[in-house]
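Visitor: need a structure here:
(2 chains)
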Amino acid sequence: GQQLNQSPQSMFIQEGEDVSMNCTSSSIFNTWLWYKQDPGEGPVLLIALYKAGELTSNGRLTAQFGITRKDSFLNISASIPSDVGIYFCAGRGTSGTYKYIFGTGTRLKVLA
Amino acid sequence: EPEVTQTPSHQVTQMGQEVILRCVPISNHLYFYWYRQILGQKVEFLVSFYNNEISEKSEIFDDQFSVERPDGSNFTLKIRSTKLEDSAMYFCASRVSPMGEVGNTIYFGEGSWLTVV
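Guide: Numbers count the residues shown, from 1 in each chain, chains lettered A, B, ... in the order given. Below is the predicted model of the structure:
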């Protein structure tokens, strides 16, 4: 079945640094979503991408839908302590499916 | 802001018992999902539901699982005979409709944490 691989698996950064993470797949996706999950809570939608090449920002967050439709990246600029959490990508494939598959997650820790 | 609500937030149950997890999707949404997340792992798709029937389901969603929309606002997940490995956080999600793309994304509830002992 379709799988999404996220990297890095985890990262420790200093407050103020920029962060970049990505999501790749061997198959094509029609939609990419990026979520943040805090411990014990549900995923919260950060950014949604619908077209290949699309670049979308939400405050300090920027995400892009890869041209090949097999990847996406999320950047966080000037990280702050509340950026701590797990970031998941989720993709919706082709062939009429409306099922979203989640990536393996990137655990972010910000050191003040 | 409208949100997906789930109850209970946490349930402990004996192995073999039936469990019903409840969800109230966002009011104008028509397409519903259940996902689960075993502690420390990724979020896994279980089932999607539209127009009073299952649209897609994963291999996890076997005969022990069922979903229902008993009225105009609730969407439930039933596990008939719970197993230890069913212990997980279960998330309900909804989206406006299966048609169209822009703005048509899925929104998650806070989750129901199920512990099977």
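Visitor: can you pull out the strands in the chain?
Guide: You didn't say which chain, so I picked chain A. For chain A, the strands defined by DSSP state E cover A:5-7, A:10-14, A:19-24, A:29-37, A:44-49, A:55-58, A:61-65, A:71-76, A:85-93, A:100-102, A:106-111.
Visitor: looking at chain B here, not the other one
Guide: Secondary structure of chain B (DSSP E): strands at B:5-7, B:10-13, B:19-24, B:31-37, B:44-50, B:53-57, B:65-68, B:75-79, B:88-95, B:107-108, B:112-116.
Visitor: just send the ones you listed back as TSV, with mean pLDDT too.
Guide: TSV is the format used below for these (pLDDT from 0 to 100):
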stretch	mean pLDDT
strand B:5-7	96
strand B:10-13	96
strand B:19-24	97
strand B:31-37	95
strand B:44-50	95
strand B:53-57	93
strand B:65-68	96
strand B:75-79	97
strand B:88-95	95
strand B:107-108	92
strand B:112-116	97
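Visitor: can you tell me which residues in chain B are near chain A?
Guide: B:4, B:31, B:33, B:35, B:42-45, B:48, B:50, B:55-56, B:58, B:89, B:91, B:95, B:98, B:101-103, B:105-111, B:113 (C-beta under 8 Å from any C-beta of the partner chain). No exception for glycine: its C-beta is placed from N, CA and C like everyone else's.
Visitor: give me the buried entries from those.
Guide: Buried subset of the residues of chain B next to chain A (neighbour count, 16 or more other C-beta atoms under 10 Å in any protein chain shown): B:4, B:31, B:33, B:35, B:42-45, B:48, B:50, B:55-56, B:58, B:89, B:91, B:95, B:105-111, B:113.
Visitor: what count of nearby residues applies to residue 85?
Guide: Because you didn't say which chain, this covers chain A. When neighbours are defined as other C-beta atoms under 10 Å in any protein chain shown, A:G85 has 20 of them.
Visitor: oops, I was thinking of chain B
Guide: Residue neighbour count, defined by other C-beta under 10 Å, stands at 9 for B:E85.
Visitor: swap in the one 3 residues further on?
Guide: The tally of other residues near B:A88 (other C-beta under 10 Å) stands at 21.
Visitor: quick one: it and B:G40 touch, right?
Guide: No. Counting by C-beta atoms under 8 Å, B:A88 stays clear of B:G40, with 10.5 Å between them.
Visitor: got a list of what the residue nearest the centre of chain B touches?
Guide: In chain B, the centroid-proximal residue (C-alpha atoms, centre = their mean) is B:W34; its distance is 2.7 Å. Counting by C-beta atoms under 8 Å, 6 or more residues apart in numbering or on different chains, B:W34 touches B:21, B:23, B:46-47, B:67, B:77, B:90-93.
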